[in-house]
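**Q** Below: sequence and its predicted model.
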Amino acid sequence: MQFTSIRLDNEWELYKKSYNKIYADNNEEIQRRVIWEDNVRFIEHHNMAADHGEHTYWLGINHFADMSEKEVTRKMKGYKRSHDVIKDGSLYLPPNNVQVPDEVDWRQKGYVTPVKDQGQCGSCWSFSSTGALGGSTFQENRTIGFFIRTEPCNGGCNGGFVFRAYQYVKDNNGIDTESSYPYEARNASCRFKKSDVGATVTGIKIIKKGDEEALKSAVATVGPISIAIDADRKFHLYKNGVFDEPECNSTFTDHAVLIVGYGVENGQDYWLVKNRFGSYRDLSCLVLDRLCIVIIQVKKRLYPVKRDPCVMSPFGALQSSTRPCTSPFGSLCSLPVDHTRQRKPPRTTGQLHNTPLHLKKEEL
């Protein structure tokens, strides 16, 4: 087996140093370099086309560049689809007479924690679900932990079901704080302590697949929302630009992420999405337009402690025909809403709308 390009010798050495790549032996390094060079050519070909206006986003070398797409999927992506009935789930209905803001970014309000490295562990389902719960508990200044070891109905680093994570928290009467039960990127037995509970779940709401207006309403009035997407080779190597990918698969999803906002850029609607593939990656938040983020199920949960039946949002006044409520958030209406989060098993196939998937680099 021979390297395909001598010109890349220096770049290969720099890559190994930059990403702290250490291989077991020379044979493994040869295999890794062959994969890396194939990705380099793939990136160069794509970016050349992007430079000529054929794409609206660019790819780049990152810590996945010496891994095959199948390997990344096996090690990093752990979202599992399920047709199980969600026993405590009900359909989310957007509140009537509420005008949501044109743009929302929960990072600006402190509801989104810094991107964490999930390691070589298929725990995206855990980060996505706890991210949604964490947004709800921000108002109480608590950061909740993760489900890797505590949720017995999921597979830990081998992947899991987001709705089962929420069901576990509800049945278990809570989940511990991150400070008392930090993430370890490995499978282990549960060490849950009731005294360290940082959040509870009283109900699960499901956003109908394909209903982006309902999703927009939930993001604006509830907070960060858990979703699943198709994360392919281009997603793994994405660097910057607006990700408009016609080949994305809207019926197959394998990676759970967290919607933390939405907006419009150059006439294109987008979702702002938090990913967690690691600190090496030159990427922490993405912008996805409204396709190919196929909503398998969007889980929400009741706001802890807060019992005021109002739509709460710090992103400007939510218009209502009823009298306003008062709240430290400053922008409410008096429409009762279940502030809950959860995801839905797929029941139909097909794409959401005729809008492309867009990703754009955003730094937290």
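**A** Sure thing, it's come through. Numbering: from 1, shown residues only.

**Q** quick one: low-confidence parts of the stretch 51-200 of the chain?
**A** Scanning the stretch 51-200 of the chain for pLDDT under 70 picks out 75-89, 113-167, 169-171, 173-200.

**Q** for residue 15, what are its contacts?
**A** Taking C-beta atoms under 8 Å, 6 or more residues apart in numbering, we find residue 15 in contact with 21, 36, 61, 65-66. Just so you know, the C-beta spots here come from the backbone N, C-alpha and C atoms, and that holds for glycine as well.

**Q** Am I right that residue 35 sits in a strand?
**A** No - counting by DSSP: H, G, I helix; E, B strand; the rest coil, residue 35 is not found in a strand; it is helix.

**Q** any idea how far it lies from residue 15?
**A** 12 Å (C-beta to C-beta, to the nearest Å).

**Q** residues shared between the contacts of these two?
**A** Shared contacts of residue 35 and residue 15 (C-beta under 8 Å, 6+ apart): 65-66.

**Q** Determine the three-state secondary structure at residue 90.
**A** Recorded secondary structure, residue 90: strand (three-state DSSP).

**Q** Enumerate the beta-bridge partners assigned to it.
**A** According to DSSP bridges, the partner residues bridging residue 90 are residue 205.

**Q** Can you tell me how far it is from residue 207?
**A** From residue 90 to residue 207 the distance is 11 Å (C-beta to C-beta).

**Q** So which of these two has more stuff around it?
**A** Taking neighbours as other C-beta atoms under 10 Å, residue 90 and residue 207 compare with residue 207 leading, 30 against 13.

**Q** hang on, that one packs against residue 226?
**A** No - at 9.9 Å, residue 207 does not count as touching residue 226 under the criterion of C-beta atoms under 8 Å.

**Q** thinking again about what came up before, adding secondary structure, write the contacts of residue 15 out as TSV.
**A** Formatted as TSV, those follow (three-state DSSP):
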residue	secondary structure
21	coil
36	helix
61	coil
65	coil
66	coil
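
**Q** What's the first helix or strand after the longest strand along the chain?
**A** Counting residues, the longest strand found in the chain (DSSP state E) is strand 255-265. Downstream of strand 255-265, the first helix or strand assigned by DSSP states H and E is strand 268-274.

**Q** tell me which strands and helices that next one is in contact with?
**A** strand 255-265, strand 285-288 (3 or more C-beta pairs under 8 Å, 6 or more residues apart in numbering; DSSP states H and E).

**Q** Return the list of strands paired to the longest one, each annotated with direction.
**A** Pointing back at strand 255-265 there. Under the criterion DSSP bridges, strand 255-265 sits next to strand 104-105 (antiparallel), strand 225-229 (antiparallel), strand 268-274 (antiparallel) in its sheet.

**Q** can you tell me which of the helices and strands packed on strand 268-274 the model trusts least?
**A** Note on the helices and strands packed on strand 268-274: lowest mean pLDDT is at strand 285-288, with a mean of 53.

**Q** Could you give me the buried positions within the helix or strand where residue 39 lies?
**A** Assigned by DSSP H and E, residue 39 belongs to helix 26-51. Neighbour-count burial for helix 26-51, counted by 16 or more other C-beta atoms under 10 Å, picks out 29, 32-37, 39-40, 43, 46-47.

**Q** Tell me which other helices or strands it touches.
**A** If contacts are counted by 3+ C-beta pairs under 8 Å, 6+ apart, helix 26-51 sits against helix 9-18, strand 57-59, helix 233-237.
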